[in-house]
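In: this one's structure only:
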C-alpha cells in the first residue's frame, strides 16, 4: 500500500520533529482538509472559474508540500499553472487523479490506525 503514495519522509520528519504520532495527525488533518478543497476545486472546474481553480490548487499545493505529499503537490502545481495560463482542458482529469491520490493516502492512514 505504501508504494501507492509518494511521501517525502524527510520533509514530514522535519515538520513533525520525528514524532511519528504527530506525523499521522498531520497527514490525517491534511487528508480531511484537502478533501474539502478538492470538492471546491471540482466546483470551480465545472464553473470554469480560473481564479478559483488557481486559488484552490495553490492552497492544496502548499498544504501538501508542507507535509511532503509529493503527488498531490505536483498535481496541484500543474493545475495552478494551467489556470494561470487560462488553460483548463485537462484540469478535470488532473483533479480526479488528485482525488485518487488522496484516497490512497486515506487508505494508508486507515491501515496505520
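Out: Nice, thanks for sending it over. Please read all numbers here as calculations on a predicted model, not as lab measurements.
In: going forward, measure contacts and count neighbours with C-alpha atoms only.
Out: Noted.
In: Okay, and the residue nearest the centre of the chain sits in which element?
Out: Geometric centre of the chain, nearest residue: residue 72, 3.6 Å, by Cα atoms, centre = their mean. Element membership for residue 72, per DSSP states H and E: helix 70-84.
In: immediately after that helix, which helix or strand?
Out: In N-to-C order, the element after helix 70-84 by DSSP H and E is helix 91-112.
In: Can you pull the poorly scored residue ranges out of this protein?
Out: Along the chain, the model assigns pLDDT under 70 to residues 1-3.
In: what about the longest helix in it?
Out: helix 20-47 (DSSP state H).
In: In that one, which residues are buried?
Out: Using 16 or more other Cα atoms under 10 Å as the test for burial, helix 20-47 gives 23-24, 26-28, 30-31, 34-35, 37-38, 40-42, 44-45.
In: now swap in stretch 86-97 and tell me
Out: 88, 91-92, 94-95.
In: between those, which is closest to residue 113?
Out: Using Cα to Cα, residue 95 comes nearest to residue 113 of the buried residues of stretch 86-97, at 27.1 Å.
In: got a list of what that closest one touches?
Out: If a contact means Cα atoms under 8 Å, 6 or more residues apart in numbering, then residue 95 has 38, 41-42, 75, 79 as its contacts.
In: how close does it get to residue 34?
Out: 11 Å (Cα to Cα, to the nearest Å).
In: next one: residue 55
Out: With the distance defined as Cα to Cα, residue 55 ends up 13 Å from residue 34.
In: Now residue 7, what are its backbone angles?
Out: Phi and psi for residue 7, reported as degrees, to the nearest 10, are phi -110, psi 130.
In: The spatially closest residue to residue 22 that is not a sequence neighbour: neighbour count?
Out: Once flanking residues are discounted, residue 22 sits nearest to residue 16: 6.0 Å by Cα to Cα, 6 or more residues apart in numbering. Applying other Cα atoms under 10 Å, we find 17 other residues in the vicinity of residue 16.
In: Kindly report the same for the one 3 residues further on.
Out: Residue 19: 13 surrounding residues under other Cα under 10 Å.
In: Please tell me I have it right and it contacts residue 13.
Out: Yes - counting by Cα atoms under 8 Å, residue 19 touches residue 13, with 7.2 Å between them.
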